[in-house]
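In: Next input, structure requested:
(2 chains)
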Protein chains: 2
Amino acid sequence: MSDSEQELGMTESKEHNTGEWYAELVQKAGLASYAPMGGFIVTRPRGYAVWERIQDHLDGWFKDTGVQNAYFPLFIPESYLEKEKDVVEGFDPEVAWVTHGGYEELEERLAVRPTSESIIAPFMAQWIRSHRDLPLRVNQWCSVVRWEATETKPFFRTKEFLWQEGHTAHADMEDAWDETMTRLEQYERVYEEVMAMPALTGRKPPHDKFPGAHTTTSIEALMPDGKSVQGATSHYLGTSFADAFDMHYVDADETERTAHTTSWGLSWRAMGAMFMTHSDDQGLVLPPALAPEQVVIVPIWDEENKAEVVGYAEAVAEDIGDTARVELDDRENRNPGFKFNEWELKGVPLRIEIGPNEADDDEITLVHRPDGEQVVEDRSGVADTVADHLDTVYAKLYAAAEETLEGEIREADSREEILGTIGQHGGYVKSGWCGDEDCEEPIKDAIAADIVMVPLDRDAEPIHEECAICGDEAVETAYWAKSY
Amino acid sequence: MSDSEQELGMTESKEHNTGEWYAELVQKAGLASYAPMGGFIVTRPRGYAVWERIQDHLDGWFKDTGVQNAYFPLFIPESYLEKEKDVVEGFDPEVAWVTHGGYEELEERLAVRPTSESIIAPFMAQWIRSHRDLPLRVNQWCSVVRWEATETKPFFRTKEFLWQEGHTAHADMEDAWDETMTRLEQYERVYEEVMAMPALTGRKPPHDKFPGAHTTTSIEALMPDGKSVQGATSHYLGTSFADAFDMHYVDADETERTAHTTSWGLSWRAMGAMFMTHSDDQGLVLPPALAPEQVVIVPIWDEENKAEVVGYAEAVAEDIGDTARVELDDRENRNPGFKFNEWELKGVPLRIEIGPNEADDDEITLVHRPDGEQVVEDRSGVADTVADHLDTVYAKLYAAAEETLEGEIREADSREEILGTIGQHGGYVKSGWCGDEDCEEPIKDAIAADIVMVPLDRDAEPIHEECAICGDEAVETAYWAKSY
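Out: Numbers count the residues shown, from 1 in each chain, chains lettered A, B, ... in the order given. You can find the predicted model right below:
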């Protein structure tokens, strides 16, 4: 292997050195670069293309279910953020402040939006007069800034990140709760169907809700290092924001009522979680729905059969047509081994190898990116064959992630068991919980794990009889984990 | 007309009071609202939906021609902007500065991007090693901030605005110039085919180029008040930015060369120009390609024929299916006249009126938004009929704008004639020009008009022999106009 191939290929181990491996993956697969300012990244075209496809899926589902996109200002006056403090503690410690415009100091500082409730709610309040204006649903795709001092991890933790934030208002609790669940289910669907990741859905414990929310629901995904990542959130906000921002409406019976609101968001962290879940020591692994190239065709030729092999490869590419996003790699100056490595690094789900044997026998050799399985297939009907194999690749990715997740949910009945199990294995530990925040403290203090969620449906499975910490009656099943 | 209908409808006159009329249009058609901070707006769903459709068209063409989207940080360190000053004067007077993150003062101020050359170029320089890495084309859709103190006009002039900025690097001048022209042509196409606006394309005079550019080309569109608006720009930057940011590559002959770069952008100002061009005293007029609803069906019923009429209208809507974006307005609590007004205000290109006569005769009555023309057509084949009429509406909008534009390009041979013609008529005045910036001054000083462009192809039509100002030999045809 030459120096430059060494430089191209991955060197870190996912199993032994997950953090370094992830940082190398992001760089070498061309997903992102570190910006000159600490905490910021540049999203490179191959990373951004994945984000665009996630957007396309979600945005389509949002629009199919009554959501309209809009765009609210990047800046929020300090007095508007203050107003929100009736409800929430505020984002002050995390806000980037604009103090000067040109050479002039501003009369009032402007916050670069850390989230947009405080600028969106006053406008929604204006737009809502009557029950006929409800439900009102707006969403924006934008970047937000939160000045967190912790270590940068591309897509997982950056001071600026891309996301969508949906904000809705409804006539009553029931309608707002349905909305909260609709968005949570759409997030679950994008994880499962698009990103090929099984995920847990649940409620955050009361002490870990979004500030001002009645209920915070979330998607939790398991990372290969055994930590959980909060993959998206959907909040039922009750009437707290509506009260603070005078969001009232006249009902059919002429009574003035207060709207019930929700907000919900998914950031590019979802994308980071997916990169980390599926990828391996050869590089990026992408589910077919999100891969910029779904299939790469690599012709393997000698001088004497080159025209035949390349011609056959071109014909196969043509036959696949629009069924899949195909790249034919007929570069002269690279050998097949180099090409295999490069496309594996870049995460192309399916490789088609075409040599003189394939050309002679009217066949193709398919190789699945996740596990390297090789399958020889007839050339005829290649478009359908490719579609089937892409489905298989998706199924393999999902099954592997599901198997991992299932093996990483354990039970515990005591503080020692929780500590020991998470300490030894990572993953999730289920236990009975009395609902008191104090019972989280000893676990948090000892191993920095906490209750990442409780199941949405309290009655879906039997709850342990006792809180694993204090021994009082358990009212919830707590899922304990270390988390990002 | 009730008070609330009065409140809904337009009251200002486009002809007599263009500025007030536009402000009213934007508000009443639900396109935008003024934000609490001067100079900022909230883009409401109906405005944003138009922007999304413009994006979809352009973004597709960009991708078809080798452009990849990416995302660069919102903030640019002051030292990076300084570096650019080797090339350009800098955006200092227009920059919004972030000075604090949370409670801490930053060591280095961060500019909220006014444009991204200075943060994108250093990364492009990293990514370009060899001639095989060229051309390199990245684009981002984002918002930028320019702290201009002038009066806010939604979409035309706001401190924050949405745009796309494309940045490319090429091996030589020829390739970079082709790129500059490709993007200019795509902008012209989006104006003509999508926004139904004829537009002029040309070069900016040398003294009005983008700072650091070799050549700035632009789209100029005529507004109804006789002023020109710069509707998009495409810059050939030569090697100035590449030199400043060390963007070099090794050519096939192993020589190190400097890349030639371009940048090009279209902002939501294009959308504002379109709203202003086509709309009228009844409200918004939208070309079919951009209308959220392309067709509204308004059934007109009495008690005795309601079921028949509404059923027939539903069947017509069904038949149109996916051919067009159809809205069936069967609201009980609004009369047809109210509905007509409301959908006219909102700019729906085509209205279908269905009463008992239409239902009995298997017909539909179509009304074109731009001119109110009514046409009765057979119901059978309604999908094709609707598609044809949408084409006709597009053609009417384009023809009207073209006629206006053609009538507003006049000739002049002297300073007095330029002043008199623009003073009396507005619009464009063509004259010979010696190429000297000094000759622009007297016109600028007298009536605030200047040279908005010179034709791209100097030899396409005969040039006046003399500069209209100084009488020296003319080397260009100058297009004079007042502009936004």
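In: Could you tell me which helix of chain A is the longest one?
Out: helix A:382-407 (DSSP state H).
In: what bits of the stretch 1-150 of chain A have low per-residue confidence?
Out: Applying pLDDT under 70 to the stretch 1-150 of chain A flags residues A:1-7, A:85-90.
In: Do any residues in the host helix or strand of A:Val50 lie close to chain B?
Out: Here A:Val50 is covered by helix A:45-64, with elements defined by DSSP states H and E. Yes. Applying C-beta under 8 Å from any C-beta of the partner chain, one finds helix A:45-64 touching chain B at A:45, A:48-49, A:51-52. No exception for glycine: its C-beta is placed from N, CA and C like everyone else's.
In: which one of those is nearest chain B?
Out: Taking C-beta to the nearest C-beta as the measure, chain B lies nearest A:Pro45 of the residues of helix A:45-64 next to chain B, at 3.6 Å.
In: I'd like the next helix or strand past the longest helix of chain A.
Out: Using DSSP H and E, the helix or strand that follows helix A:382-407 towards the C-terminus is strand A:409-411.
In: buried sites along the helix or strand just after that next one?
Out: Once strand A:409-411 ends, the next helix or strand along the chain (criterion: DSSP H and E) is helix A:415-425. Using 16 or more other C-beta atoms under 10 Å in any protein chain shown as the test for burial, helix A:415-425 gives A:415, A:418-419, A:421-422.
In: what helices or strands is the helix holding A:Val50 leaning on?
Out: Contact partners of helix A:45-64 among helices and strands, from 3 or more C-beta pairs under 8 Å, 6 or more residues apart in numbering or on different chains; DSSP states H and E: strand A:68-69, strand A:136-145, strand A:160-170, helix A:173-189, helix A:269-278, strand B:68-69.
In: Next, the angle from it to strand A:136-145.
Out: For helix A:45-64 against strand A:136-145, the angle by axes from the mean of the first three to the mean of the last three C-alpha atoms, to 10 degrees is 160 degrees.
In: Thought A:Asn357 was touching A:Val309, still the case?
Out: No. Using C-beta atoms under 8 Å, A:Val309 is not in contact with A:Asn357, being 9.7 Å away.
In: More neighbours: these two, which one.
Out: Remark: of A:Val309 and A:Asn357, A:Val309 carries more neighbours, 21 against 14, as counted by other C-beta atoms under 10 Å in any protein chain shown.
In: Just the pLDDT at that one, thanks.
Out: Predicted confidence (pLDDT) for A:Val309: 97.
In: and it, what helix or strand is that in?
Out: Using DSSP H and E, A:Val309 sits within helix A:306-320.
In: between that helix and helix A:382-407, how big is the angle?
Out: Using the same axes, to 10 degrees: helix A:306-320 against helix A:382-407 is 70 degrees.
In: Run through the neighbouring helices and strands of helix A:306-320.
Out: Helix A:306-320 packs on strand A:295-299, strand A:326-328, strand A:350-354, helix A:356-361, helix A:382-407, going by 3+ C-beta pairs under 8 Å, 6+ apart.
In: try it again with 10 Å
Out: For helix A:306-320, the packing partners by 3 or more C-beta pairs under 10 Å, 6 or more residues apart in numbering or on different chains; DSSP states H and E come out as strand A:295-299, strand A:326-328, strand A:350-354, helix A:356-361, strand A:363-368, helix A:382-407.
In: Please work out which residue of the stretch 351-484 of chain A is closest to chain B.
Out: Closest residue of the stretch 351-484 of chain A to chain B, C-beta to the nearest C-beta: A:Tyr484 (20.6 Å).
In: ok, now how distant is that residue from A:Asn341?
Out: According to C-beta to C-beta, to the nearest Å, A:Tyr484 stands 30 Å off from A:Asn341.
In: which ones are touching the residue located most distally from the centre of chain A?
Out: Largest separation from the mean C-alpha position in chain A: A:Glu304, at 48.8 Å (C-alpha atoms, centre = their mean). Shown in contact with A:Glu304 (C-beta atoms under 10 Å, 6 or more residues apart in numbering or on different chains): A:Pro356.
In: and it, that's in a strand?
Out: No. Counting by DSSP: H, G, I helix; E, B strand; the rest coil, one finds A:Glu304 to be coil, located in no strand.
In: any idea of the pLDDT on it?
Out: Listed pLDDT for A:Glu304 reads 94.
In: Check A:Glu461 too.
Out: On the pLDDT scale, A:Glu461 gets 77.
In: quick one: contacts for it?
Out: By C-beta under 10 Å, 6+ apart, the neighbours of A:Glu461 are A:430, A:455, A:477.
In: so of those, which ones are in strands?
Out: Those of the contacts of A:Glu461 mapping onto strands are A:430, A:455, A:477, per DSSP state E.
In: still on that earlier bit, shared neighbours of A:Val309 and A:Asn357, anything?
Out: Counting by C-beta under 10 Å, 6+ apart, the common neighbours of A:Val309 and A:Asn357 are A:Ile300.
In: returning to that earlier point: off-centre distance for the longest helix of chain A?
Out: 19 Å (C-alpha atoms, centre = their mean, to the nearest Å).
In: quick one: which of the residues of helix A:45-64 next to chain B is most hemmed in?
Out: Neighbour-wise, the residues of helix A:45-64 next to chain B (other C-beta under 10 Å) top out at A:Tyr48, 24 neighbours.
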